[in-house]
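[1] Here is the input, now give the coordinates:
(2 chains)
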Amino acid sequence: AQSVTQLGSHVSVSEGALVLLRCNYSSSVPPYLFWYVQYPNQGLQLLLKYTTGATLVKGINGFEAEFKKSETSFHLTKPSAHMSDAAEYFCAVSDGTQAGTALIFGKGTTLSVSS
Amino acid sequence: EAGVVQSPRYKIIEKKQPVAFWCNPISGHNTLYWYLQNLGQGPELLIRYENEEAVDDSQLPKDRFSAERLKGVDSTLKIQPAELGDSAVYLCASSRTDNEQFFGPGTRLTVL
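    Got it, this is the predicted structure:
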């Protein structure tokens, strides 16, 4: 079975500050890992994904995440927050041995950015 | 390339009424997913299709929910009868042979 835990349901940062959103996963098979962003009344947009290969993954809008197998973590970071980054962020895992399997999502983290 | 299209975007119904949601996936995407997103929660899978075959419907409440994907393209998700607890956002997603899923904007259902 797979599961995702996002530590902190709400994170607040100042504009220009570091963004760190935490995600830990549990998987009995090699995982594929994802971060999605959701703006109000919109669907989910993929920020970045880890499948195989390089463990540091760069995504859109300046975000990146590092897959750490020993820590079962996939934390999302951005060096400098912008006001437009305020949104809901979801970490997700799927079965890396079978393409197309459903995503298991965490409960989400709301990011607030203040000026 | 057009994204995943869902309609309606919003639906308000009385309890015990039927309701249907429609999804048109990205062209060429063989896999289609319906997810349920409750307020303050992450999406949860309801059903997954590979072409026209439902390959994972273990989380679909079959007493009141049904889905179909005729011809392996568009899909419809139906609830009959709707209950108060069905109020949520219903998301459709599609993917090709890899694991990158593209999501539609969702249908927000309110059951009164």
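
[2] Nearest residue to the closest residue to chain B within chain A in space, ignoring adjacent ones along the chain?
    Of all residues in chain A, the one sitting closest to chain B is A:Phe105 (3.0 Å; CB to the nearest CB). The way it works is simple: take the backbone N, C-alpha and C, and place the C-beta from them, glycine included. Nearest residue to A:Phe105, sequence neighbours excluded (CB to CB, 6 or more residues apart in numbering or on different chains): B:Gly42, at 3.0 Å.

[3] so what's the residue of chain A closest to chain B up against?
    Residues in contact with A:Phe105 (CB atoms under 8 Å, 6 or more residues apart in numbering or on different chains) are A:Val4, A:Tyr36, A:Phe90, A:Cys91, A:Ala92, B:Gly42, B:Pro43, B:Glu44.

[4] which non-adjacent residue is nearest the last one?
    Going back to what we said before, that points to B:Glu44. B:Leu36 (5.3 Å).

[5] for the one you found, phi and psi?
    Torsion angles at B:Leu36 (phi, psi; degrees, to the nearest 10) stand at phi -110, psi 130.

[6] Give the burial count for it, as a bare number.
    The number of residues packed near B:Leu36 is 21, by other CB atoms under 10 Å in any protein chain shown.

[7] ok, now A:Val37?
    20.

[8] same deal with the one 4 residues further on?
    Taking other CB under 10 Å as the criterion, the count of residues near A:Asn41 is 11.
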